[in-house]
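K.L.:
My questions concern the predicted model and sequence given below.
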Amino acid sequence: MKRLVVVLALAIALHAQQNAGVDRDRDGLPDGFEQALLERFAPTFMVNQTDCSVAPALFVPNEKSPTVAEENSTVYGQVFPTANRRIEIHYYHLWRVDCGRMGHALDTEHVSVLLASEASGSRDAVQWQALYWYAAAHEDTICDASQITRASTLNATTHGPTVWISSGKHGSFLAEELCRHGCGGDTCEAMIPLTHVTLLNLGEFGHPMNGSTFIASKEWPLQQKMTRSDMRSPLLTRVDHLPETDIAWANPSKRPAQATIAAGVSTSDALTLSDRKTNTALVLAGNNTGSALGTSYRSVKSALGKSLHKVGQALGKKDASEK
């Protein structure tokens, strides 16, 4: 019976949000337009086929406490206007449990994108293109491995990129190679595309949609993530000063191996360490496939020696803060 109630409630909500003239979250963007943007830019999520939390969960609507209804590949969205007539979208994959090292109940991770349009007042989703993509991985912890890059770097200006979700820990990564950078607890093995995804609009804090009253719960940091932009001006400026091939760390000062850079060999030349090593997480090949050349951790692990070991000891004491 509970499952039937949830399914019926969501069916009604989805029908209502297609009404292009309604703005239920009162952010100035019509609900139907928000849904069209969510669908146009939805990433392809790669997940572990035997993840102990199965899949991103659907939460019971109109419950103040986050309560899992089904682990059924639901992805929650948030669409809101920003400065300079741009639009930011957050895609939240919310999990029943973080079942990795030092796990915990409820896991709140996400991916975001900044959009722009030459016709900034347009309510036609096709008129909008992605400028930057951001992937959250254990935000606000010592293990923060979040990344950001230009949408063109990922060949994802008119659609979503492929995003890799680490097994059990559920950190989001813009390249498979980066998955190994999350305090040693992240892996991306035996991965398959997340299928039969349902996109549900959360609305905004204070004006939830689709029964998402669980936004405000103190049991998880969803409210904090929804009430801030991932596309801060200093961060975007830093990305713009990097080569177009680079994926950047969002918070390089937190990286245990921040003096490293992904490097590899192509058929024509090799990429070497440079002055951009502090900011760069990975360098992508300059072609349309966006294939990665290598990972920073494996490239310099032996060189870090004792200092990396000491960082590992420190992280081991604080790893319970991973989210």
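P.N.:
Yep, it's here. Numbering: from 1, shown residues only.
K.L.:
wait, is Ala281 part of a strand?
P.N.:
Yes - the assignment for Ala281 by DSSP: H, G, I helix; E, B strand; the rest coil puts it in a strand.
K.L.:
Against Pro30, how distant is the spatially most central residue of the chain?
P.N.:
In the chain, the residue lying closest to the centroid (CA atoms, centre = their mean) is Val111, at 2.0 Å. Remark: distance between Val111 and Pro30 (CB to CB, to the nearest Å) = 23 Å. (Each C-beta comes from the backbone N, C-alpha and C, glycine too.)
K.L.:
shaky segments in the stretch 151-300 of the chain?
P.N.:
Low-confidence segments of the stretch 151-300 of the chain (pLDDT under 70): 182, 255-278, 285-300.
K.L.:
give me the beta-bridge partners of Val68?
P.N.:
Phe59 (DSSP bridges).
K.L.:
for it, what are its contacts?
P.N.:
The neighbourhood of Val68, defined by CB atoms under 8 Å, 6 or more residues apart in numbering, consists of 57-60, 96.
K.L.:
Just flag the most distant two among those residues.
P.N.:
Largest separation among these by CB to CB: Val60 and Arg96, giving 12.2 Å.
K.L.:
Tell me the secondary structure at the residue nearest to the centre of the chain.
P.N.:
Assignment for Val111 (three-state DSSP): strand.
K.L.:
per-residue pLDDT, it?
P.N.:
As predicted, Val111 sits at a pLDDT of 99.
K.L.:
Pretty sure it sits against Tyr91.
P.N.:
Yes - judged on CB atoms under 8 Å, Val111 makes contact with Tyr91 at a distance of 4.8 Å.
K.L.:
Could you pull out the residues contacting both of those two?
P.N.:
Taking CB under 8 Å, 6+ apart as the contact rule, Val111 and Tyr91 both touch Pro43.
K.L.:
In three-state terms, label Glu39 for me.
P.N.:
Using three-state DSSP, the structure places Glu39 in helix.
K.L.:
Please name the residues that touch it.
P.N.:
Applying CB under 8 Å, 6+ apart, the residues contacting Glu39 are 125, 199.
K.L.:
now swap in the one 3 residues further on and tell me
P.N.:
Residues in contact with Ala42 (CB under 8 Å, 6+ apart) are 75, 91, 160, 197, 199.
K.L.:
give me that answer again for 6 Å
P.N.:
Counting by CB atoms under 6 Å, 6 or more residues apart in numbering, Ala42 touches Gly160.
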